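# one predicted model, sequence on top.
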Amino acid sequence: MAEQRQRALSTSGQALYEILALEKGASHDEIKKSYRYVKCALQQNPDNPEAAEKFKEVNNAHAILTDQSKKNIYDKYGSLGLYVAEQFGEENVNTYFMLSSWWAKVMFLQILKCYKCICICNKQNCKCAKSLQSPPISSQRKALCWAVLEYIGR
């Protein structure tokens, strides 16, 4: 029974660089050179039972680090960012992480709280409702507004 290795999704973005024996933020040329070197070393040892699995990891690391969009996501968010890009699309990764931040959650809860006070409870003495109420309009101001509306309607 073969056990499949389970990996936690990292947020540091280091493992793919380590597979190719590179420092984080390596240039495109450095990635290509290191890929060729590691690939050649694996091909020189075909008897190694782990070589096939290592070769898959090397190819995966090379594919991600040579794609500029995926490399940027990986450098910023790690393998968790790549997983999010796979699930929601590369263009939505920044939005996902912004909306999953603590301050976005707090803001969402505050909006729900105000919605509850204004729309559901309809509390007149609620802080939210008071802040949204406009000051009373004088009868002269109402008459002026109606006159302007009638003039525009002609």
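Received it, and whenever you're ready, just let me know what you need. Nothing here was measured: the structure is a model prediction, and the numbers come from that model.
# where in this protein is pLDDT low?
1-13, 115-137, 151-154 (pLDDT under 70).
# gap between the helix ranked longest in it and the chain center?
Looking across the chain with DSSP state H, the single longest helix is helix 68-88. Remark: helix 68-88 is offset 8 Å from the chain centroid, using Cα atoms, centre = their mean, to the nearest Å.
# what are the ranges of the helices in this structure?
Applying DSSP H to the chain gives helices spanning 15-19, 28-43, 51-66, 68-88, 93-99, 102-115, 127-132, 139-153.
# could you name the helices and strands sitting against the fourth one?
When contacts are defined as 3 or more Cβ pairs under 8 Å, 6 or more residues apart in numbering; DSSP states H and E, helix 68-88 packs onto helix 15-19, helix 51-66, helix 93-99. Bear in mind the C-beta positions are built from the backbone N, C-alpha and C, glycine included.
# which elements pack onto the shortest one?
Contact partners of helix 15-19 among helices and strands, from 3+ Cβ pairs under 8 Å, 6+ apart: helix 51-66, helix 68-88.
# please apply the same query to the last one.
Using 3+ Cβ pairs under 8 Å, 6+ apart as the contact criterion, the secondary-structure elements in contact with helix 93-99 are helix 68-88.
# tell me the buried residues in the helix it packs on?
The neighbour-count check on helix 68-88 (16 or more other Cβ atoms under 10 Å) flags 70-71, 73-75, 77-82, 84-85 as buried.
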